[in-house]
Every structure is written in structure tokens, then in C-alpha cells.
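[1] here's a sequence, model it:
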Amino acid sequence: MSPPLISIVTPCLNRANYIAEAVESVLIQDFPSYEHIVTDGGSSDGTLDILRTYPHLRVVSEPDQGMYDAINKGIRMARGEIVGLLNTDDLYAEGCFEAVAGAFEQNPDAAAVVGGVTIFRDEAGGRRTLTVTPAIKPDELWFRLIQGSPVTNGWFFRRSVFERVGYFDLRYHISSDRQFLIHAALDGGVRPVPIRQVLYHYRQHSGSATITSLGSRSPQHGPLRIVILKENVSINEEFLDRPVLPKEVRRLMRHAHAELCYRLTATALYHHQWSTVRDTIRRGWRRNILWPLFFSAMAIQRIGKEITGHE
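    Numbers count the residues shown, from 1 in each chain. Next up, the predicted model:
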């Protein structure tokens, strides 16, 4: 049996410092059947010059509505049976494609597979692995999608998933991947087959929206963190507003909503975004009459950790 064609989609904008490594991480897979699509938003920093040195790439460069619009374009261009998403600042682990193809071959009815991921940081002495997050197991699917780490780039999908359930929602500029995975699991019945090995390496750096060492109190990252939290609160409310929702999903969503509203309120307070504070308090209270008590408990716990020096 010939191996399936794997389509890799990379959204891109001004990533001249990282893009070559991302492309090379695909090339070293030594897999006989793949295509790599780069949907560029109009880079002006030399990224396109670097991409031109790789004739195997399918590159489209034109204005877009952000990362998820670029991803959607790439998915629509994909010819492969299997689709993976690679960020410009990240890397695929060696042997990734072979493991993915093997998992789909062993599970012909699977809509997706998912593997482990790492977060690494470039340091003077070399590359340092900071965390290793395992693949999502079946019994933790809802928790990982709603409250935990969904390891989105560790997923590989059959292209038919997008044809069946749709694409990434452009209302969410940073967190649309979480919304998509919940939607696919709820409405499309997508259940990923876990692969034990690490498939993907996330790079931590100061220019990353989500994989960064900068805290929510930093003036550089704090305002962006507020945007991310707002999106996640809205995603939770989108699903909580459904009249019918599985009991476990509703329970996890309600807890996640309360916690997100706490984090958003606390972060907005620190950055003096008073309108966000007022709006989030209303949203937390409207969903849970006891939310003020939840907020107080979380705040006391946070202060206690700061006093004792435990995070």
C-alpha cells in the first residue's frame, strides 16, 4: 500500500529568523509523500526570499485576515488525505510523518491522531527542553480541550474533517484552534487516536503570542494576554449558550468560565483596563451567582502563593 499524501500548512508573516528551520523540519522527515503549503500574509522582512530557495514549497503570498484565515486558505489548497499544521517558529520531531501515517493505517476509521509535544527554548549553550506534554488520552479529551493543553499542532486530521465540520472561526484571532477542536469533537464526533511519541516542538520566545516566558503582568505581554483571555471566555460562552450540551462538557465549561473570568479580571485590574474589569465581573456573575466567592478564593490563594514564594 502506498503511503498517504500528507499536507502541511504553515501560516506565515515576517518570520525570516525562523522559517528555514520550520521548512527543514519537514524535509528531514524522509517521508515519500507530502506537500508543504505556506500561506504568507505579505512578508516584507526577507521571508519570501528564503522561501524561494525551497522549490518544493507551494507558496501563496497575499493580504489575509490573520493567522486562521491563512490556515483556512492552506487547508482548502491541500491535496493530501492527511493535514497537519506547522507554525513558522516551531519544528516537527524526526519520524513524525512515519508515525502519523502508521497510526492512520492501523486505525482506518480515525478522523485524527495526536501525539506529544515539547516546549523548547534556544539558549547560548544550545536548545533546552522546558516541558513535555503527552498526547491526549481518550479519558481526558474534554478536560484537555476545555481547560488543559489541547496541543493543537500535535494533531493530524483527515482532510474530510474540515469538509465535514468546517474551518477555523475568524472571530477568534488567537484561540480559534481551541474553539475548532471543541466544535469538531462535539459536532463532528472527532476522537483522536493518541500516539505515544513526541510529534511536535513548540519554540518559546518573546515574540510568540502564547508560548512565551513573559508573564501576564509584563507591559509587553499583559495586553495580549487580556485579548487571549477574552477570546477564551467568549468561546466558553458560545458553547454554554447551547440548550443541549453533554453533562461533563457543561460542568467543565462552567468551571473553566469561572476561572477564566477570574484571570481576566485580575489581569485587567493590574493593567488598569477598568471597562474590561466591569464587563468581566458581570459575565462571571451572570453565569454563576457564587462567582464573587470563587474570585475571592482564587485571589486569596494567589496572594498566599506570592507571600510564600510558591507558584
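[2] wait, is Ser149 part of a strand?
    No - read with DSSP: H, G, I helix; E, B strand; the rest coil, Ser149 is coil and lies in no strand.
[3] restricting to C-alpha, output the lengthiest helix in the chain in PDB.
    In terms of residue count, the longest helix belonging to the chain (DSSP state H) is helix 247-270. The C-alpha coordinates for helix 247-270 follow below in PDB (Å, rounded to 0.1, in the frame of the first residue of the first chain):
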ATOM      1  CA  LYS A 247     -23.200  16.900  31.200                       C
ATOM      2  CA  GLU A 248     -19.400  16.500  31.600                       C
ATOM      3  CA  VAL A 249     -18.800  19.200  28.900                       C
ATOM      4  CA  ARG A 250     -21.100  21.700  30.600                       C
ATOM      5  CA  ARG A 251     -19.500  21.000  34.000                       C
ATOM      6  CA  LEU A 252     -16.000  21.600  32.700                       C
ATOM      7  CA  MET A 253     -17.100  24.700  30.700                       C
ATOM      8  CA  ARG A 254     -18.700  26.300  33.800                       C
ATOM      9  CA  HIS A 255     -15.600  25.800  35.800                       C
ATOM     10  CA  ALA A 256     -13.400  27.000  33.000                       C
ATOM     11  CA  HIS A 257     -15.600  30.100  32.600                       C
ATOM     12  CA  ALA A 258     -15.300  31.000  36.300                       C
ATOM     13  CA  GLU A 259     -11.600  30.500  36.300                       C
ATOM     14  CA  LEU A 260     -11.100  32.500  33.000                       C
ATOM     15  CA  CYS A 261     -13.200  35.300  34.300                       C
ATOM     16  CA  TYR A 262     -11.000  35.400  37.500                       C
ATOM     17  CA  ARG A 263      -7.800  35.500  35.400                       C
ATOM     18  CA  LEU A 264      -9.200  38.100  33.000                       C
ATOM     19  CA  THR A 265     -10.500  40.400  35.900                       C
ATOM     20  CA  ALA A 266      -7.200  40.100  37.800                       C
ATOM     21  CA  THR A 267      -5.100  40.800  34.700                       C
ATOM     22  CA  ALA A 268      -7.300  43.700  33.600                       C
ATOM     23  CA  LEU A 269      -7.100  45.200  37.100                       C
ATOM     24  CA  TYR A 270      -3.300  45.100  37.100                       C
END
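[4] how far off centre is it?
    Computed by C-alpha atoms, centre = their mean, to the nearest Å, the chain-centroid distance of helix 247-270 equals 18 Å.
[5] elements contacting it?
    Applying 3 or more C-beta pairs under 8 Å, 6 or more residues apart in numbering; DSSP states H and E, one finds that helix 247-270 contacts helix 141-146, helix 222-240, helix 274-287, helix 291-308. Using the backbone N, CA and C atoms, a C-beta is placed for each residue, glycine as well.
[6] got the contact list for Tyr202?
    87, 90, 117-120, 153, 211 (C-beta atoms under 8 Å, 6 or more residues apart in numbering).
[7] quick check, nearest of these to Ala135?
    Val117 (8.5 Å; C-beta to C-beta).
[8] now do the SS call for that closest one.
    strand.
[9] contacting residues around it?
    By C-beta under 8 Å, 6+ apart, the neighbours of Val117 are 132-133, 151, 153-154, 198-202.
[10] one more time with 7 Å
    133, 151, 153-154, 198-200, 202 (C-beta atoms under 7 Å, 6 or more residues apart in numbering).
[11] low-confidence bits of the stretch 151-300 of the chain, can you list those?
    209, 212-221 (pLDDT under 70).
[12] want to throw the helices and strands packed on helix 247-270 into JSON lines with mean neighbour count and distance to Ile28?
    Compiled in JSON lines, those are given as follows (neighbours: other C-beta atoms under 10 Å; distance: least, C-beta to C-beta, whole Å):
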{"stretch": "helix 141-146", "mean neighbour count": "20", "distance to Ile28": "29"}
{"stretch": "helix 222-240", "mean neighbour count": "19", "distance to Ile28": "32"}
{"stretch": "helix 274-287", "mean neighbour count": "16", "distance to Ile28": "44"}
{"stretch": "helix 291-308", "mean neighbour count": "12", "distance to Ile28": "42"}
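[13] turn those into JSON lines, including distance to Phe104.
    Shown next, in JSON lines, are those (distance: least, C-beta to C-beta, whole Å):
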{"stretch": "helix 141-146", "distance to Phe104": "18"}
{"stretch": "helix 222-240", "distance to Phe104": "28"}
{"stretch": "helix 274-287", "distance to Phe104": "39"}
{"stretch": "helix 291-308", "distance to Phe104": "42"}
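[14] that concludes my questions; thank you for your assistance.
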